[in-house]
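Novice: Fold the following for me, if possible:
(2 chains)
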Amino acid sequence: RKEVEQDPGPFNVPEGATVAFNCTYSNSASQSFFWYRQDCRKEPKLLMSVYSSGNEDGRFTAQLNRASQYISLLIRDSKLSDSATYLCVVEGGGFKTIFGAGTRLFVKA
Amino acid sequence: GAVVSQHPSRVICKSGTSVKIECRSLDFQATTMFWYRQFPKKSLMLMATSNEGSKATYEQGVEKDKFLINHASLTLSTLTVTSAHPEDSSFYICSAGKQGYQTQYFGPGTRLLVL
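Specialist: Numbering: from 1, shown residues only, chains lettered A, B, ... in the order given. Below is the predicted model:
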C-alpha cells in the first residue's frame, strides 16, 4: 500500500460545480497535512493546511479524519483557473514529507 | 514572504558532464532544504534532506555519489548531478523550511535534459 494515495483523475467539471478530492495515508503517526496545487510544468504551491477541526479558505474547504486516515479537499463554485493538479502532502516528524501522486482537475466553461 | 529561487531554470547538457543546481532562500534562513525530482505526470519524489553544515540525508535508492548535495550556508544548498546520463533528465525542485514551521516553500524548479 502506498503511503499516500490519491485518485489521479482527471476530474472534468463545468464552471460553478463543486468537486471533492480525497487522499488516504497509511502512517497513523503522521502529524501534519497539506494540500498543494501544481500547475503544469510549475513548482507546487501551498494551497492550505489541513486541521482536525477542518478549515476553510474562501471556496476551499479541507478536512482531516484521523480515525479513517484520510484528508479531503472541497472546491465550491469551480473557476477555470482552478484547473491544476492537487497534491496531498503528509508529514511525519522532522519534515519527513510524502507527496501523493496528485489529482488532476479540469474545469471547463 | 518566503521566496526560494533556483538556478538555472533550464539546462541542457551532454551525457557524462556534471550539472550544478543552486537553491537559495531569499528572505529567510533555512536550516533545512529538500531536493525532489519529478518525472512527467508523476508526483515529487524526495531525494535528500539537506541540513546546513552537515551531510545530507539521502532517501533509499538515491545515490549520494551521483547526486552531491552541499548546504554551505543558511540560504544556499546545491545539488550536483555528476556524470549525467539521459535517464537523469527530470524536473528537479528544491524546497526550504523556516525553522519551527512545517510549511515548505518551493523553488521554481530546474528542468534538466541530458542528451
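Novice: Next one: the residue of chain A positioned farthest from its centre from residue B:65, what distance?
Specialist: Computed with Cα atoms, centre = their mean, the residue of chain A farthest from its C-alpha average is residue A:109, at 22.6 Å. Using Cβ to Cβ, to the nearest Å, residue A:109 is found at 51 Å from residue B:65. No exception for glycine: its C-beta is placed from N, CA and C like everyone else's.
Novice: Repeat that for residue B:113.
Specialist: Relative to residue B:65, and taking Cβ to Cβ, residue B:113 is found at 22 Å.
Novice: Which one's more surrounded, the two?
Specialist: residue B:113 (13 against 8; other Cβ atoms under 10 Å in any protein chain shown).
Novice: So what sits opposite that one in the bridge?
Specialist: residue B:12 (DSSP bridges).
Novice: strands paired with the lowest-mean-pLDDT helix or strand in chain A, and their directions?
Specialist: Least confident helix or strand of chain A, by mean pLDDT, DSSP states H and E, is strand A:97-99 with a mean of 81. Strand pairing for strand A:97-99, determined by DSSP bridges: strand A:84-91 (antiparallel).
Novice: Can you classify the residue nearest in space to the middle of chain B by secondary structure?
Specialist: Nearest to the geometric centre of chain B sits residue B:35, at 3.6 Å (Cα atoms, centre = their mean). Using DSSP: H, G, I helix; E, B strand; the rest coil, the structure places residue B:35 in strand.
Novice: Make sure the residue farthest from the centre of chain A is actually in contact with residue A:15.
Specialist: Yes - between residue A:109 and residue A:15 there is a contact at 5.7 Å, judged by Cβ atoms under 8 Å.
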